[in-house]
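A.B. asks: With the input below, show me the fold.
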Amino acid sequence: MHVTHDEVDLQLEVVRRHDAAEGVVVLELRAPSGDNLPEWSPGAHIDLEPAPGMVRQYSLCGDPAERDVWRIGVLREPAGRGGSAFVHDRLHLGTLVPVRGPRNNFPFEPAGNYVFVAGGIGITPLLPMLSAADGAGAQWRLHYGGRTRGSMAFVDNLQNAHPDRVAVHPQDEVGLLDLPTILGDPQPDTLVYACGPEPLLQAIEQRCAAWPEGSLHVERFSPKAVGEPVRTTSFEVELTTSGMTLTVPPDKSILQVAAEAGVSVLYSCEEGTCGTCETNVLAGEVDHRDSLLSPTEQAAHDTMFICVSRAAGPRLVLEL
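C.D. replies: Okay, here's the model as predicted:
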């Protein structure tokens, strides 16, 4: 991964909304002017600010070739922090909503074969990938799990369009996804793309441990457990662009300390899942605590997410 800050801030209008499944609403967003929206690629997501100070990330699940509309699917989460309920209850037709993006931490990479595994609303970032795989002439298969068939968005369209490639696994009918069968043996020239609840992703990561490095690509909607920090005392961060050196205490993040010092930093989720605050590391060893970087990317110690990751040693030098 690398730091890019080519995202844009937009005011978009809700021009269509419909229920895609029990508890799932699909919104179509357009610019009031009718202008084209920024280009995006499969796996990208956007920040939605349905209310001031309430920022949530949602995967783009439409067609990248449709330049005038962005489409997202939103699951109502009764135990959530209120963002999904606000989207369901307050974002009606004609509503204007601030949007930032697009951003892609889950890029679709070329391969001859793909195994896609979706759990629930995790189907959303995978939808454009199915079309991209088709367009590239690749072989692919989707395994789509959910609580019930009625809770699984887009399921009928997927089965009708690809009856031989889409396997649907409603838990109340067939039980949990059979990962030992789906991912039993590493396959040549095959990439696995997965998105869904954390227990499913952890099981997939364990199952793919025997696959070649780089075979598995995962998108998380919530942070994974990372344990206690490597370093429990303060450390210094030198910010080369800002020309200052700051002390980060154990109870604050680099992001918080930088913001308090007046450094302008883009951020959103503050839990290491969205990728907004990615920062180049010029020197020092990082205690990576995000849910985005692969083990290989973490081992390079050349980038970090300053909302959660910390220093493993006494000092970091950041391009900030």
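A.B. asks: who's in contact with residue 14?
C.D. replies: Residues near residue 14 by Cβ atoms under 8 Å, 6 or more residues apart in numbering: 27, 28, 29, 91, 92, 93, 94, 95, 97. For every residue, glycine as well, the C-beta is placed using N, CA and C.
A.B. asks: List the contacts of the residue positioned nearest the centre of the chain.
C.D. replies: Residue closest to the average C-alpha location in the chain (Cα atoms, centre = their mean): residue 219, at 4.8 Å. Counting by Cβ under 8 Å, 6+ apart, residue 219 touches 43, 59, 105, 106, 122, 125, 193, 194, 195.
A.B. asks: Nearest to residue 309 among those residues?
C.D. replies: Nearest to residue 309 among the contacts of residue 219 is residue 105, at 14.4 Å by Cβ to Cβ.
A.B. asks: Look up phi and psi at that closest one.
C.D. replies: Note on residue 105: backbone dihedrals following degrees, to the nearest 10 are phi -100, psi 10.
A.B. asks: Repeat that for the one 4 residues further on.
C.D. replies: For residue 109, the backbone dihedrals are phi -110, psi 150 (criterion: degrees, to the nearest 10).
A.B. asks: isn't it right up against residue 190?
C.D. replies: No - if you go by Cβ atoms under 8 Å, residue 109 and residue 190 don't touch, sitting 11.6 Å apart.
A.B. asks: the more surrounded of the two?
C.D. replies: Neighbours per residue, other Cβ atoms under 10 Å: of residue 109 and residue 190, the larger number sits with residue 190, 18 against 11.
A.B. asks: Quick check: beta-bridge partners of the closest residue to the more buried one other than its chain neighbours?
C.D. replies: Spatial nearest neighbour of residue 190, chain neighbours left out: residue 113 (4.2 Å); criterion: Cβ to Cβ, 6 or more residues apart in numbering. Per DSSP bridges, the residues bridged to residue 113 are residue 139, residue 190.
A.B. asks: Now do the contacts for residue 113.
C.D. replies: Residue 113 neighbours (Cβ under 8 Å, 6+ apart): 138, 139, 140, 187, 189, 190, 191.
A.B. asks: Closest one to residue 276 out of the residues you listed, please.
C.D. replies: Distances from residue 276 to the contacts of residue 113, taken by Cβ to Cβ, are shortest for residue 191, at 25.4 Å.
A.B. asks: Wait, the closest one touches residue 107, no?
C.D. replies: No - the criterion here is Cβ under 8 Å, and residue 191 misses it with residue 107 at 11.0 Å.
A.B. asks: who has more neighbours, these two?
C.D. replies: Between residue 191 and residue 107, counting by other Cβ under 10 Å, residue 191 is the more crowded of the two (24 against 12).
A.B. asks: Dump stretch 223-231 to PDB, restricted to CA.
C.D. replies: Output in PDB follows, covering the C-alpha atoms of stretch 223-231 (Å, rounded to 0.1, in the frame of the first residue of the first chain):
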ATOM      1  CA  PRO A 223     -11.200  -3.900  13.400                       C
ATOM      2  CA  LYS A 224      -9.500  -7.200  14.200                       C
ATOM      3  CA  ALA A 225      -8.200  -8.000  17.700                       C
ATOM      4  CA  VAL A 226      -4.400  -7.100  17.900                       C
ATOM      5  CA  GLY A 227      -3.600  -7.500  21.600                       C
ATOM      6  CA  GLU A 228      -1.500  -5.200  23.800                       C
ATOM      7  CA  PRO A 229       0.900  -2.600  22.300                       C
ATOM      8  CA  VAL A 230       4.500  -3.600  21.900                       C
ATOM      9  CA  ARG A 231       5.600  -0.500  23.700                       C
END
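A.B. asks: mind listing what's buried in that stretch?
C.D. replies: 223, 224, 231 (16 or more other Cβ atoms under 10 Å).
A.B. asks: and what of stretch 60-78?
C.D. replies: Buried-residue list, stretch 60-78, by 16+ other Cβ under 10 Å: 60, 61, 62, 64, 69, 70, 71, 72, 73, 74, 75.
A.B. asks: Not counting sequence-adjacent ones, nearest residue to the third one?
C.D. replies: Spatially, and ignoring its direct neighbours in sequence, residue 62 is nearest to residue 71 (3.3 Å; Cβ to Cβ, 6+ apart).
A.B. asks: my read: the one you found touches residue 30, true?
C.D. replies: No - look at residue 71 against residue 30 with Cβ under 8 Å: they stay out of range, at 10.2 Å.
A.B. asks: Okay, now the sheet partners of the strand ranked longest in the chain, with direction.
C.D. replies: Determined from DSSP state E, the single longest strand within the chain is strand 8-21. Sheet pairing for strand 8-21, assigned by DSSP bridges, gives strand 24-30 (antiparallel), strand 96-103 (antiparallel).
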